[in-house]
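In: generate coordinates for the sequence data below:
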Amino acid sequence: MMSPGWDPVSGDLDRPREACGVFGIYARGADVARIAFFALYALQHRGQESAGIATCDGHAAYIHKGMGLVSQVFNEENLRPLRGHLAIGHNRYSTTGSSHIRNAQPYLIETMHGPLGVGHNGNLTNAATLRRKLLERGVGLMSSSDSEVITQMLAAPPPGGEPDGPDWEARIAAFMAEAEGAYSLVILTRDAVFAVRDPWGFRPLCLGELPGNGHPGYVVASESCALGTIGARYLREVRPGEIVRLDSSGVHSLQGRPPAPRAALCVFEYVYFARPDSVLEGQTIHRVRQRLGEELAREAPADADMVVGVPDSATPAAIGYARASGIPYNEGLTKNRYIGRTFIQPSDRLRRAGVYLKYNPLTANLKGKRIVLIDDSIVRGNTAGPLVRMLRESGAVEVHVRVSSPPVRHPCFMGVDMATHEELIAYRMSVEEIRQHIGADSLAYLSYEGMMRAVTAEIGEDRGHCSACFTGEYPIPLNEWWQYREQEKRSFEGIWGA
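Out: Numbering: from 1, shown residues only. Here you go, the predicted model:
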C-alpha cells in the first residue's frame with residue numbers, strides 16, 4: 001500500500017491532483033493526431049494517469065489511448081493510423097472512477113449518425129440521477145466515470161426529435177439542461193468538433209486559430225499554453241454555458257444554457273493548477289502568482305536572510321515575496337522533474353526517504369541562513385515537514401514557512417481530487433498546530449482577501465470564482481454527490497475490481 005498522499009505518477013506527496021486536460025481540433029490538410037499529441041504534451045500537468053486521442057476523417061473514427069504519460073502512450077507507430085482532419089484528446093487524473101484503462105478518455109462509440117467521441121474535464125454532481133435514468137432506459141455502462149454518462153446522453157436524440165437529421169447542438173443543449181456540476185467538454189462527430197463549457201465556468205477552456213494554406217484550422221484547449229506549443233493563435237475563452245462548433249465553415253457559437261448568475265472559475269487554477277505561461281481572464285498566471293507572493297509579504301513579514309520557493313509551482317510567489325519584502329531570493333531546492341514520471345512504485349526504503357526523491361537541497365546557499373520557505377499550498381501536510389527538516393539538515397538556522405493561499409479546509413467536487421475533510425490538515429489542525437507538526441519556526445498563510453486582491457488586480461473586479469476549498473461555500477448543492485461518491489463508485493469498483 002502506498003503511503004498517504006504519495007502519487008506514483010507525479011511524485012508529489014502533498015499536492016491536490018489536477019483536473020484533466022482536453023483538446024480539440026478541426027484542420028483540413030493537417031496531421032491532427034500529431035498536433036493533438038503535442039497539445040496534450042503541453043497539458044501534461046493537468047493529468048498524468050492516462051492519455052488518449054480520437055480522430056475522424058469524415059467517415060470513420062480512430063482512437064488510441066492508454067495508461068501513462070503522453071510520451072509513454074503514443075509513438076510513431078500508433079499515431080500513424082489516427083487519420084482525419086478532426087481530433088479530440090484527453091489527459092486524465094481520476095476524480096470519479098478509479099485509475100484504470102476502462103476509465104481512460106476520450107470515450108468513442110458508434111451512433112446511428114456516425115461516431116461520437118467525448119473528452120471531459122470536471123465532475124457532474126448529479127451523476128447518480130443521470131446514471132439511473134440511463135440504466136432505466138436499458139443503456140449499459142462499462143465504467144465508473146461520469147464521462148461515460150455524458151457520452152451516452154449525447155448519443156440519444158433530443159426530446160423534440162431530429163426530423164432533418166442529426167442535431168448535435170440540440171443534443172448538447174438537452175444534456176446541459178439536465179447536467180449539474182462542472183464540465184468542459186470536447187466532442188467529436190463525423191463532421192465537427194464541439195467545445196462546451198458549463199454555465200458556471202468551473203474549469204477553463206479556450207479557443208484558438210491554427211494558420212493554414214488558405215484553410216485555417218481551429219482548436220480548443222483547457223489552457224492557452226497548449227496553443228502556443230502547436231503554433232495556434234489565442235482567440236478567446238469559451239464562455240460559460242456556450243457551445244462552440246468547429247467545422248468546414250469555421251467557428252459557430254450558440255448559448256446552450258444561460259450563464260449562471262455568477263461565474264465560478266476555480267481559483268486554484270491561479271494558485272497551482274494552470275501552467276505559469278497560460279492566460280486566464282486576460283491575466284498571465286505567472287504574474288498573478290507573483291502578486292500572491294507580494295500580498296503574502298505584506299501580510300506576513302519575516303525577519304530572514306533569504307527567500308526560497310518550493311519548485312516549481314511556488315517559484316513565482318517566492319519571487320513576488322522577495323520583491324515586496326526586500327529579502328533576497330535564491331534557489332535553495334532543486335527538483336528532480338523526472339523521478340515521479342513513472343508507474344514504478346518506490347520501495348519502502350525509498351518511500352521513507354520521502355521528499356528526497358523529489359527535491360535536493362543546495363547546501364551552500366542554505367548554510368547559516370534564516371530562510372523564508374514559500375509554498376503555494378499545504379493540503380495533507382505530508383511534504384512541508386520533511387522540507388523543513390531538509391533545510392535544517394542542510395544548515396539553515398531558521399525556517400519560516402509562508403503559504404501563498406489560505407488554508408485548504410474543504411474538499412473539491414468540481415473535477416479536482418482534493419482529499420476528504422479528514423485528510424486535509426487545516427481542517428483538523430489550527431495554524432499553530434500545523435506549525436508544530438511541520439517543525440517551522442513560524443507559519444503564516446495568505447488571507448482569503450489577500451488572495452482575491454491578487455487574483456482580481458488586473459480585471460478590476462471579482463467576476464466570480466469558486467473558492468469552496470478555502471471557504472466551504474459551494475456554488476451548487478452537493479447532497480447527491482456524496483451519495484454518488486460513496487455508493488455508485490463503490491458498486492462499480494465491486495464489479496470491476498479496485
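
In: can we go C-alpha only for contacts and neighbour counts from here?
Out: Noted.

In: longest helix in the protein, by residue count?
Out: Ranked by residue count, the top helix of the chain under DSSP state H comes out as helix 285-299.

In: give the other helices and strands that the next helix or strand after that one contacts.
Out: Beyond helix 285-299 on the C-terminal side, the first helix or strand identified by DSSP states H and E is strand 306-309. Applying 3 or more C-alpha pairs under 8 Å, 6 or more residues apart in numbering; DSSP states H and E, one finds that strand 306-309 contacts helix 315-325, strand 370-375.

In: packing partners for the longest helix of the chain?
Out: Helices and strands touching helix 285-299, by 3+ C-alpha pairs under 8 Å, 6+ apart, are helix 315-325, helix 448-456.

In: return the most buried member of the ones you listed.
Out: Counting by mean count of other C-alpha atoms under 10 Å, helix 315-325 has the highest mean neighbour count of the helices and strands packed on helix 285-299, with a mean of 26.

In: in CSV, list the C-alpha atoms belonging to it.
Out: The C-alpha coordinates for helix 315-325 follow below in CSV (Å, rounded to 0.1, in the frame of the first residue of the first chain):
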residue,chain,number,x,y,z
THR,A,315,8.7,30.0,-7.5
PRO,A,316,6.7,32.9,-8.9
ALA,A,317,5.2,33.6,-5.4
ALA,A,318,8.7,33.4,-3.9
ILE,A,319,9.9,36.0,-6.4
GLY,A,320,7.0,38.2,-5.5
TYR,A,321,7.6,37.8,-1.8
ALA,A,322,11.2,38.7,-2.2
ARG,A,323,10.4,41.8,-4.3
ALA,A,324,7.9,43.1,-1.8
SER,A,325,9.9,42.3,1.4
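
In: how far does it sit from the chain's center?
Out: Put simply, helix 315-325 sits 25 Å off its chain's centre (C-alpha atoms, centre = their mean, to the nearest Å).

In: now the angle from that helix to strand 370-375?
Out: 140 degrees (axes from the mean of the first three to the mean of the last three C-alpha atoms, to 10 degrees).

In: what are the contacting residues of the following helix or strand past helix 315-325?
Out: Per DSSP H and E, the first helix or strand lying C-terminal to helix 315-325 is strand 333-335. The contact list for strand 333-335, computed with C-alpha atoms under 8 Å, 6 or more residues apart in numbering, reads Val308, Gly309, Val310, Pro311, Asp312, Lys358, Tyr359, Asn360, Pro361, Leu362.

In: whichever of these end up buried, select them in PyMOL.
Out: Applying 16 or more other C-alpha atoms under 10 Å to the contacts of strand 333-335, the buried members can be selected in PyMOL as follows:
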select buried, resi 308+309+310+311+358+359+360+361+362
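
In: which one of the contacts of strand 333-335 is nearest to Pro261?
Out: Asp312 (35.7 Å; C-alpha to C-alpha).

In: you'd agree the closest one is in a helix?
Out: No - read with DSSP: H, G, I helix; E, B strand; the rest coil, Asp312 is coil and lies in no helix.

In: and the residue lying closest to it once chain neighbours are set aside, how far from Leu362?
Out: Setting aside the residues directly before and after it, Asp312 is nearest to Lys335 in space (C-alpha to C-alpha, 6 or more residues apart in numbering), at 7.6 Å. According to C-alpha to C-alpha, to the nearest Å, Lys335 and Leu362 sit 11 Å apart.

In: and Pro115, by the same measure?
Out: In terms of C-alpha to C-alpha, Pro115 sits 54 Å off from Leu362.

In: got the CA positions of stretch 223-232 in PDB?
Out: Taking Å, rounded to 0.1, in the frame of the first residue of the first chain, the C-alpha atoms of stretch 223-232 are listed here in PDB:
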ATOM      1  CA  GLU A 223      -5.200  26.200 -21.400                       C
ATOM      2  CA  SER A 224      -3.700  28.700 -23.700                       C
ATOM      3  CA  CYS A 225      -0.200  27.200 -23.200                       C
ATOM      4  CA  ALA A 226      -1.200  24.400 -25.500                       C
ATOM      5  CA  LEU A 227      -2.000  26.800 -28.300                       C
ATOM      6  CA  GLY A 228       1.500  28.300 -28.300                       C
ATOM      7  CA  THR A 229       3.000  24.900 -28.400                       C
ATOM      8  CA  ILE A 230       1.300  24.000 -31.700                       C
ATOM      9  CA  GLY A 231       1.600  27.500 -33.200                       C
ATOM     10  CA  ALA A 232      -2.000  28.500 -32.800                       C
END
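
In: how about that stretch: buried residues?
Out: Result for stretch 223-232 [16+ other C-alpha under 10 Å]: buried residues Glu223, Ser224, Cys225, Ala226, Leu227, Gly228, Ile230, Ala232.

In: following the strand or helix carrying Ile88, which helix or strand comes up?
Out: According to DSSP H and E, Ile88 maps onto strand 86-92. Following strand 86-92 in sequence order, the next helix or strand is strand 107-111 (DSSP H and E).

In: direction-wise, compare that following strand with strand 86-92 and give the angle.
Out: With the same axes, to 10 degrees as the basis, strand 107-111 and strand 86-92 are set at 140 degrees to each other.

In: can you list contacts of whatever helix or strand comes next after strand 107-111?
Out: For strand 107-111, the succeeding helix or strand toward the C-terminus, using DSSP H and E, is strand 114-121. For strand 114-121, contacts defined as C-alpha under 8 Å, 6+ apart pick out 19-22, 54, 59-61, 88-90, 105-110, 147, 150-151, 155, 182-190, 203, 415.
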